Structure formats: structure tokens, C-alpha cells
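[1] Compute the structure for the input listed below.
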Amino acid sequence: MEAEHVESALDEALDESFPASDPVAISFEPEAELRKKLPG
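    Residues are numbered from 1 along each chain as shown. Have a look, this model is predicted:
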């Protein structure tokens, strides 16, 4: 019975998550660009 509950919870969480095809909203600047912005 508990396995069914866990499976159901996992299915629900997967349904509520964004599709893997969505682009990631985080971008990183190259280290050289970050150095230009730092004082010193």
C-alpha cells in the first residue's frame, strides 16, 4: 500500500514540474567578464 502512495506522490510531483525541454533560467558570465567588474 505504501509503495502505491509513494508512486502516486511521485507522479503528482512529476506532473507539476516543468518539462525538461524548457530552457534553464540561470545564466553564468564567463570568469573573465566577472574579473572586469571586480574592483582591484
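[2] Could you give the number of residues near E2?
    Around E2 there are 6 other residues, counting by other C-beta atoms under 10 Å. Placement of C-beta: from N, CA and C, glycine included.
[3] Give me the distance between it and L14.
    E2 sits 19 Å away from L14, going by C-beta to C-beta, to the nearest Å.
[4] try E31
    From E31 to L14 the distance is 36 Å (C-beta to C-beta).
[5] what helices or strands is the helix or strand of the chain with the lowest mean pLDDT leaning on?
    Across the helices and strands of the chain, mean pLDDT, DSSP states H and E gives its lowest value to helix 31-37, namely a mean of 73. Helices and strands touching helix 31-37, as assessed by 3 or more C-beta pairs under 8 Å, 6 or more residues apart in numbering; DSSP states H and E, are absent.
[6] Show me what it is in contact with.
    Outside helix 31-37, not one residue touches it by C-beta atoms under 8 Å, 6 or more residues apart in numbering.
[7] what comes up buried for it?
    For helix 31-37, burial by neighbour count (16 or more other C-beta atoms under 10 Å) applies to no residue.
[8] Assign V6 to helix, strand or coil.
    Three-state assignment for V6 (DSSP: H, G, I helix; E, B strand; the rest coil): helix.
[9] ditto for P39
    Looking at P39 with three-state DSSP, the answer is coil.
[10] Compute the distance from the centre of stretch 7-17 to the centre of its chain.
    How far stretch 7-17 lies from its chain's middle: 16 Å, per C-alpha atoms, centre = their mean, to the nearest Å.
[11] Now it - C-alpha only, PDB.
    What follows is stretch 7-17, C-alpha atoms only, in PDB (Å, rounded to 0.1, in the frame of the first residue of the first chain):
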ATOM      1  CA  GLU A   7       4.300   6.200  -6.600                       C
ATOM      2  CA  SER A   8       1.200   8.400  -6.700                       C
ATOM      3  CA  ALA A   9       3.100  11.200  -4.900                       C
ATOM      4  CA  LEU A  10       6.000  10.900  -7.400                       C
ATOM      5  CA  ASP A  11       3.600  11.000 -10.400                       C
ATOM      6  CA  GLU A  12       1.900  14.100  -9.000                       C
ATOM      7  CA  ALA A  13       5.300  15.900  -8.400                       C
ATOM      8  CA  LEU A  14       6.400  15.000 -12.000                       C
ATOM      9  CA  ASP A  15       3.100  16.400 -13.400                       C
ATOM     10  CA  GLU A  16       3.700  19.700 -11.600                       C
ATOM     11  CA  SER A  17       7.300  20.100 -12.600                       C
END
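[12] Nothing else from me, thank you.
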